[in-house]
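> Just to be clear, the model below is a prediction. Sequence and coordinates:
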Amino acid sequence: MYNLINSLSNGDQKMFWLIFDLIVIATFHLIWFSYLFFKRKDSEL
């Protein structure tokens, strides 16, 4: 149990950057998909 906690505290920064990357990529994809969606909608009108 102590080893698990120790490895977690050591990997905290790595985990933070992993989550940070995922959030940034997800946000970028949301913006990109909404941009494509609205562009397609405009071209249909």
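All right, it came through fine.
> Flag every buried residue along the longest helix seen in the chain.
As assigned by DSSP state H, the longest helix anywhere in the chain is helix 12-44. Across helix 12-44, burial judged by 16 or more other C-beta atoms under 10 Å covers no residue at all. Every residue, glycine included, has its C-beta placed from N, CA and C.
> Begin at 636 from now on, thanks
With the count now opening at 636, the last piece we talked about shows up as helix 647-679.
> Low-confidence ranges, the chain, go.
636-645, 680 (pLDDT under 70).
> gap between Y670 and H664?
With distances taken as C-beta to C-beta, to the nearest Å, Y670 is found 11 Å from H664.
> picking up where we left off before, give me the distance from the longest helix of the chain to the chain's centre.
Relative to the chain's own centre, helix 647-679 is displaced by 7 Å; criterion: C-alpha atoms, centre = their mean, to the nearest Å.
> Can you list the helices and strands that it packs against?
With contacts taken as 3 or more C-beta pairs under 8 Å, 6 or more residues apart in numbering; DSSP states H and E, helix 647-679 sits against no other helix or strand.
> shared neighbours, Y670 and H664?
With contacts defined as C-beta atoms under 8 Å, 6 or more residues apart in numbering, no residue is shared by Y670 and H664.
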